[in-house]
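Asker: Here is the input, now give the coordinates:
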Amino acid sequence: GVVRSLNPLTMPMATGTVKVPRISSGVTASYVGENTNITKSEVATGQLTLTFKKLAALVPISNDLLRYGSPQADMIVRDDSVRAVSQREDLAFIRGDGTSGTPIGLKNHIDPANKFNANGTVSLANVTTDLGKAMQAIMDANITLIIQQGATGGIDVRPGWIFSPRSWRYLTTVQTGTGQYAFRDEMLRGTLWGFPYRVTTQVPSNLGSAVNQSEVYFGCFAHAVIGEALGLIVDASQEAAYHDGSGVVAAFSQDQTVIRVIAEHDFVLRHDKSFSLIEQVSWGV
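Answerer: Now for the predicted structure:
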């Protein structure tokens with residue numbers, strides 16, 4: 001999935017729950033004169049609790065297909081099931097609202113002050129300004145955007161972008177007034193303004209009253225935490241029973257093999273100002 005590929009912090013949840021510490025207000029410093037008391041400063045801390053949410057996919061397939069079809073038929077179904085789980089996980093980690101047993105995603109974790117609407121007039125100048133505002137919102141929270149580079153030092157905050165395929169197309173093809181591509185050469189190397197990006201259909205392009213708006217996410221994935229209760233579990237059975245939406249079906253009597261994929265996880269941000277969100281994006285419409 002695209003969220004995992006941007007390297008958030010992953011923590012095991014051996015009991016299905018884990019608490020993550022966070023600093024809600026930090027140390028302050030001030031200048032003092034000679035023989036003057038130093039102003040006391042205290043760190044205010046809090047905790048975030050991750051509790052597992054179960055994500056699953058179940059696919060019955062005909063044993064005739066397995067017997068007489070391609071030898072790779074079961075692997076194709078298995079891999080497609082894993083991809084489906086990955087895509088649904090991305091939707092939850094990006095836009096989940098916490099209802100119906102789902103995680104709360106970036107959209108609903110980000111501090112409202114770090115959300116803003118894109119300029120309604122789409123132009124290279126306005127898009128560039130909006131991209132800069134997305135970065136500034138994080139820097140205004142005193143989060144540096146330096147990427148760790150081994151022995152050279154720096155702070156590893158793992159910044160990255162997430163946007164829709166339509167936004168990718170616009171950014172890759174937009175040209176300057178002299179006909180030069182503004183971002184294409186860099187984007188073909190996998191970065192935008194020096195930071196990696198990911199493209200996913202789990203960021204919609206049909207939002208808003210006109211059904212043509214999208215979103216652009218930018219943030220520091222070192223502050224994003226995935227709690228992992230289970231690794232991805234893939235099971236297959238010829239004796240299992242499953243519910244087909246109207247009743248219980250026995251795979252054995254139907255001569256089927258049932259493939260089941262299960263993941264258990266949760267998602268939080270340790271700092272809600274470590275991400276920004278550009279809304280009402282109509283780039284490329």
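Asker: residues near Ala118, how many?
Answerer: Using other C-beta atoms under 10 Å, Ala118 is surrounded by 24 other residues. All C-beta spots, glycine's among them, are computed from the backbone N, C-alpha and C.
Asker: Then Thr128?
Answerer: With other C-beta under 10 Å as criterion, Thr128 counts 14.
Asker: who touches it in this structure?
Answerer: Shown in contact with Thr128 (C-beta atoms under 8 Å, 6 or more residues apart in numbering): Ala182.
Asker: Check whether Phe218 really touches Tyr197, as I assumed.
Answerer: No. Using C-beta atoms under 8 Å, Phe218 is not in contact with Tyr197; the gap is 9.1 Å.
Asker: joint contacts of those two?
Answerer: 160-162.
Asker: all helices for the stretch 101-250 of the chain, in order.
Answerer: Listed in chain order, the helices of the stretch 101-250 of the chain (DSSP state H, counting those that start in this stretch) span 106-109, 124-139, 165-173, 184-187.
Asker: quick one: which of the ones you listed is nearest Val261?
Answerer: Nearest to Val261, of all the helices of the stretch 101-250 of the chain, is helix 106-109, at 23.7 Å by C-beta to C-beta.
Asker: tell me which residues in the closest one are buried?
Answerer: Going by neighbour count (16 or more other C-beta atoms under 10 Å), the buried part of helix 106-109 is 106-107, 109.
Asker: do stretch 198-206 as well
Answerer: 198-200, 202-205.
Asker: thinking again about what came up before, I'd like the buried residues of helix 106-109 laid out as TSV, including distance to Leu55 and pLDDT.
Answerer: Converted to TSV, these look like this (distance: C-beta to C-beta, whole Å; pLDDT from 0 to 100):
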residue	distance to Leu55	pLDDT
Leu106	17	97
Lys107	18	97
His109	18	94
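Asker: contacting residues around His243?
Answerer: His243 neighbours (C-beta under 8 Å, 6+ apart): Val249.
Asker: Return the distance of it relative to Ala251.
Answerer: Relative to Ala251, His243 is positioned 12 Å away (C-beta to C-beta, to the nearest Å).
Asker: And Arg78, by the same measure?
Answerer: According to C-beta to C-beta, Arg78 and Ala251 sit 16 Å apart.
Asker: circling back to that earlier point, just tell me which of the helices of the stretch 101-250 of the chain ends up closest to Gln280.
Answerer: Proximity to Gln280, assessed across those by C-beta to C-beta, is greatest for helix 124-139 (10.3 Å).
Asker: and the angle from that closest one to helix 165-173?
Answerer: Relative orientation of helix 124-139 versus helix 165-173 (axes from the mean of the first three to the mean of the last three C-alpha atoms, to 10 degrees): 110 degrees.
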